[in-house]
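**Student:** coords please:
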Amino acid sequence: MKNTLKLLTAVIIATVVGCGNSQQNSHENGKTNTTSNQTAVKKTDMISQKITPCLWVETTDAKAVADYYLSIFKDGKLKGHHKYTNPPEAGGGNFETAIIEIADMELSILAAGPFFKFNESVSLVINCKDQAEVDYYWNALTSNSGQESSCGWCKDKYGLSWQVVPVEYFDLINSDNPKVREKALKNTLTQKKIILSELK
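**Tutor:** Reported below is the predicted structural model:
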């Protein structure tokens, strides 16, 4: 029962944080301040993304998760970090949330402990401009306890699945030339990281 209450509390908090209505302590830009209702309303005006993916990670340190992704996506930024304590009726315990923006996409991080695991049914696709960019993201995501899979799929250290794909790949597998399509698809099955030169 306590675990159920913790889950419900975390889900509710994640929803509220995503809307910018938190009244918990905010840790942004190294400062700690209490967010008022008035400030929270203003924050909702700043939300431009209609749908924000929320990643429930098994840790309770959202800042570490945010720092990890921001170390990979160099143009990213931390937009918010909040710490929470479950009420006694939910069994207590602490958890955190963070909002990051990477590659012009906002992600919400819910660091609420090991209740759920990621699997390949949901993945994020990185559309890479060339092989060098494929190599960079593949190496960054699979190092430090990440995991290689096949056909351009991999997992990062938190178990989130990614597809690291050069945009030219889609031209090959959708080519009007059946020989080009066949070679690209056939050779994809032999690869872990996609190596574009082997598909042409």
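**Student:** hey, let's count contacts and neighbours off CA atoms from now on
**Tutor:** Will do.
**Student:** any low-confidence regions in the protein?
**Tutor:** Along the chain, segments meeting pLDDT under 70 span 1-47.
**Student:** quick one: the helices in it?
**Tutor:** 2-18, 37-45, 62-72, 131-142, 167-173, 178-188 (DSSP state H).
**Student:** how many neighbours does the closest residue to F115 other than its chain neighbours have?
**Tutor:** The shortest distance from F115 to any non-neighbouring residue, by CA to CA, 6 or more residues apart in numbering, is to E58 (6.9 Å). E58 has 18 neighbours, counted by other CA atoms under 10 Å.
**Student:** Tell me how far E58 lies from Q147.
**Tutor:** 17 Å (CA to CA, to the nearest Å).
**Student:** try L199
**Tutor:** Counting by CA to CA, the gap from L199 to Q147 is 23 Å.
**Student:** And Y84, by the same measure?
**Tutor:** Y84 is 31 Å from Q147, by CA to CA.
**Student:** ditto for V134
**Tutor:** 15 Å.
**Student:** In terms of packing, which of those two has more residues around it?
**Tutor:** The neighbour comparison of V134 against Q147 (other CA under 10 Å) goes to V134, with 24 against 19.
**Student:** residue contacts, the more buried one?
**Tutor:** Taking CA atoms under 8 Å, 6 or more residues apart in numbering, we find V134 in contact with 128, 164-166, 194.
**Student:** most surrounded residue in these?
**Tutor:** Most surrounded of the contacts of V134: other CA under 10 Å gives V165, at 27 neighbours.
**Student:** who's that one bridged to?
**Tutor:** With DSSP bridges applied, V165 shows beta-bridge pairing to N127.
**Student:** Is it in contact with A132, as I believe?
**Tutor:** No. V165 lies out of contact with A132 (CA atoms under 8 Å); the separation is 11.2 Å.
**Student:** Domain-wise, how is the protein divided?
**Tutor:** 2-111, 123-198 (automatic domain parsing).
**Student:** can you redo those domains as a markdown table with distance to K117?
**Tutor:** Putting the domains of the chain into a markdown table (distance: least, CA to CA, whole Å) gives the following:
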| stretch | distance to K117 |
| --- | --- |
| domain 2-111 | 7 |
| domain 123-198 | 7 |
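**Student:** So L70 versus V122, what's the distance?
**Tutor:** Relative to V122, and taking CA to CA, L70 is found at 21 Å.
**Student:** who's more crowded, those two?
**Tutor:** L70 (17 against 10).
**Student:** surely that one meets A64?
**Tutor:** No. If you go by CA under 8 Å, L70 and A64 don't touch, sitting 9.8 Å apart.
**Student:** now A184, nearest residue through space, not along the chain?
**Tutor:** L199 (4.5 Å).
**Student:** right, and the one you found touches T188 too?
**Tutor:** Yes. Under the criterion of CA under 8 Å, L199 makes contact with T188 at 7.0 Å.
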